[in-house]
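Visitor: fold the following and give me the result.
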Amino acid sequence: ISPSITTKRFFDQYQKTVGIDLWNSHYERMHENLRKLKEVNRNLRREIRQRMGDSLNDLNFDELRGLEQDMESSLKFIRDRKFRVIGNQIDTCKKKAFLTWLQVRNGEEIHRNLLHEFASMEARGEDPHYGLV
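Guide: Numbers count the residues shown, from 1 in each chain. Reported below is the predicted structural model:
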């Protein structure tokens, strides 16, 4: 081995000398993994088509019933989520309405207090406009 030899060339020479292919088994595992992933992808695409109402002709009664049950389960999950979102929105609106009511009530109370103070000043003979710009 010389310092100028690359790692790839070293392994290539080793394979040639020993008479085995180091990369072939790795390539075959990768190829098998790719085949499995393509099969998973194909099954998922078929399932999506079936859930969209396509590709149902190949299904028997039990498969159709299973698909129907899956759809009902999904629909229930979606409805539950929708009602939770609506409930949260209603709660938020109620809180905002209550806060607005409190602000209005506090504003009315402040107004009444000011009117009472104004009347008290007039009753004492003080000028209620004194100091106002």
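Visitor: where does the residue nearest in space to the middle of the chain land on pLDDT?
Guide: By CA atoms, centre = their mean, the mean C-alpha position of the chain lies nearest to residue 81, the distance being 12.1 Å. The model reports residue 81 with a pLDDT of 97.
Visitor: cool, and residue 98?
Guide: The predicted local confidence for residue 98 is 91.
Visitor: how about the helices of this protein, start to end?
Guide: Along the chain, counting by DSSP state H, helices occupy 7-18, 22-51, 61-123.
Visitor: which of those has the lowest average pLDDT?
Guide: When the helices of the chain are ranked by mean pLDDT, helix 7-18 comes last with a mean of 84.
Visitor: what's the spacing between residue 27 and residue 21?
Guide: From residue 27 across to residue 21, the span is 9 Å (CB to CB, to the nearest Å). In short, each C-beta sits where N, CA and C put it, glycine included.
Visitor: swap that for residue 61, sorry
Guide: Counting by CB to CB, the gap from residue 61 to residue 21 is 51 Å.
Visitor: higher neighbour count, these two?
Guide: Shown here are residue 61 and residue 21; by other CB atoms under 10 Å, residue 21 has more neighbours (12 against 7).
Visitor: what's the first-to-last distance across stretch 56-64?
Guide: 8 Å (CA to CA, to the nearest Å).
Visitor: ok, and what's touching that stretch?
Guide: 50, 67 (CB atoms under 8 Å, 6 or more residues apart in numbering).
Visitor: now do stretch 31-51
Guide: 55-56, 59, 67, 70-71.
Visitor: make JSON lines from these and add distance to residue 109 and neighbour count to it.
Guide: Formatted as JSON lines, the contacts of stretch 31-51 follow (distance: CB to CB, whole Å; neighbours: other CB atoms under 10 Å):
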{"residue": "55", "distance to residue 109": "68", "neighbour count": "14"}
{"residue": "56", "distance to residue 109": "67", "neighbour count": "12"}
{"residue": "59", "distance to residue 109": "69", "neighbour count": "13"}
{"residue": "67", "distance to residue 109": "63", "neighbour count": "15"}
{"residue": "70", "distance to residue 109": "58", "neighbour count": "13"}
{"residue": "71", "distance to residue 109": "56", "neighbour count": "13"}
